[in-house]
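Colleague: Only the shape, not the letters, is given here:
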Ligand SMILES: *[C@@H]1O[C@H](CO)[C@@H](O)[C@H](O)[C@H]1NC(C)=O
Ligand SMILES: *[C@@H]1O[C@H](CO)[C@@H](O)[C@H](O)[C@H]1NC(C)=O
């Protein structure tokens, strides 16, 4: 080696070779994944030399797209059979889902998170961000993205409680959180107050309604009966999921069920004055996406700007 370096010409050659290697390595890292076919992207994300080096991937494994709920639960739920699910991702709400992932799920390393999505064309984006997703087949009459309480919203909101029912029937506990919910602490610690004999824990909407935006359910016979009732009532209801949930609750349609209402200063709704003190914050009471984003930004709970996303991308 030293003999080689004694000749300046050979020294120059070695330097050139090193520089070329370095350049090749840099350009490989920067190869945009959009230039690759999907099959190759999947390999790059999950292969032995995965370039996806954020801590969530290292702790929670590479994401996958599931088309079957049972398999998704078997692979994603925790050992004590708990799954955390998001609201259904659609349209511009993809940004809220990305925020939920980068702001809450990844830093808290919630490996038992599962997002769900019905629109095929958004799946690639979720995979670039290593979000485990369940693709559901739905046949909606209303194809547009719905604002709160619109016909489209009401129709789609019902998928959420039908999903809870399906998960419970498979024997898993489920915490479901709307996309505009930010976890400031581990959300499973928040629902511990549900206690041993409790069937369901739910957020208090402070307006005499319970809020299904943050909802924990155990697979007990009473909960299963409760969601069975809800799914039956939802068929004919033109209202949204939450109105049906509250109706079944208030009319005591499943006697003896133990529903724990979470304290409002822990699981906060949007009207709460000091969101920073909450363990969970729900940006509700805002009908449109822009005001939701504004309130989240205002409280330092927004991490889905292009710079944040860029840093998080798996290439
Ligand atoms: C699915 O998402 C794509 C891209 O965001 C959008 O153009 C399309 O309209 C969506 N389809 C439905 C059925 O919502
Ligand atoms: C829900 O919140 C309201 C307003 O803070 C409170 O008056 C009510 O008692 C709470 N309901 C339950 C069941 O905790």
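Modeller: Thanks, I have the structure now. Since the structure is predicted, the reported quantities are computational estimates derived from the model, not experimental observations. Numbering: from 1, shown residues only. Ligands and ions are numbered 1, 2, ... in the order given.
Colleague: okay, CA-based contacts and neighbour counts for the rest of this
Modeller: Noted.
Colleague: Three-state assignment for the closest residue to ligand 2 within the stretch 201-315 of the chain, please.
Modeller: Across the stretch 201-315 of the chain, no residue is closer to ligand 2 than residue 206, which sits at 3.9 Å (C-alpha to the nearest ligand atom). Of the three states, residue 206 takes coil under DSSP: H, G, I helix; E, B strand; the rest coil.
Colleague: all strands for this structure, in order.
Modeller: Assigned by DSSP state E, the strands in the chain fall at 65-66, 82-89, 113-117, 133-135, 173-177, 181-183, 200-204, 210-217, 259-262, 267-269, 280-282.
Colleague: burial of the residue lying closest to residue 137 once chain neighbours are set aside, as a residue count?
Modeller: Distance criterion C-alpha to C-alpha, 6 or more residues apart in numbering; nearest residue to residue 137, sequence neighbours excluded, is residue 118 at 6.0 Å. The tally of other residues near residue 118 (other C-alpha atoms under 10 Å) stands at 18.
Colleague: Residue 94 is in contact with residue 118, correct?
Modeller: No. Using C-alpha atoms under 8 Å, residue 118 is not in contact with residue 94; the gap is 11.6 Å.
Colleague: how about the residues of the chain that lie near ligand 1?
Modeller: Counting by C-alpha under 6 Å from any ligand atom, the chain comes close to ligand 1 at 91, 119, 121, 122, 143.
Colleague: Name the nearest residue to the residue of the stretch 201-315 of the chain closest to ligand 2, sequence neighbours excluded.
Modeller: residue 264 (7.5 Å).
Colleague: wait, the one you found sits on residue 210?
Modeller: No. The criterion here is C-alpha under 8 Å, and residue 264 misses it with residue 210 at 11.0 Å.
Colleague: Please identify which of the two sits among more neighbours.
Modeller: Neighbour count, other C-alpha under 10 Å: between residue 264 and residue 210, residue 210 has more, with 21 against 16.
Colleague: list the contacts for the residue nearest to residue 137?
Modeller: 88, 89, 90, 135, 136, 137, 138 (C-alpha atoms under 8 Å, 6 or more residues apart in numbering).
Colleague: So what's the predicted local confidence for the residue nearest to residue 231 when sequence neighbours are not counted?
Modeller: Excluding the flanking residues, the one nearest residue 231 by C-alpha to C-alpha, 6+ apart is residue 162, at 6.2 Å. Looking at residue 162, its pLDDT stands at 90.
Colleague: circling back to that earlier point, quickly list what's touching both of residue 264 and residue 210.
Modeller: Common neighbours of residue 264 and residue 210, counting by C-alpha under 8 Å, 6+ apart, are 203, 204.
Colleague: Could you report the neighbour count for residue 169?
Modeller: Look at residue 169: counted by other C-alpha under 10 Å, it has 17 neighbours.
Colleague: any idea how far it is from residue 76?
Modeller: Residue 169 sits 17 Å away from residue 76, going by C-alpha to C-alpha, to the nearest Å.
Colleague: just to revisit the earlier point, got a pLDDT number for the residue nearest to residue 137?
Modeller: If you check residue 118, the pLDDT there is 85.
Colleague: From residue 249, how far out is it?
Modeller: Applying C-alpha to C-alpha, the value for residue 118 to residue 249 is 29 Å.
Colleague: Dump the strands of the chain to JSON lines, plus distance to ligand 2.
Modeller: Shown next, in JSON lines, are those (distance: least, C-alpha to the nearest ligand atom, whole Å):
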{"stretch": "strand 65-66", "distance to ligand 2": "37"}
{"stretch": "strand 82-89", "distance to ligand 2": "23"}
{"stretch": "strand 113-117", "distance to ligand 2": "27"}
{"stretch": "strand 133-135", "distance to ligand 2": "33"}
{"stretch": "strand 173-177", "distance to ligand 2": "18"}
{"stretch": "strand 181-183", "distance to ligand 2": "18"}
{"stretch": "strand 200-204", "distance to ligand 2": "5"}
{"stretch": "strand 210-217", "distance to ligand 2": "8"}
{"stretch": "strand 259-262", "distance to ligand 2": "5"}
{"stretch": "strand 267-269", "distance to ligand 2": "10"}
{"stretch": "strand 280-282", "distance to ligand 2": "14"}
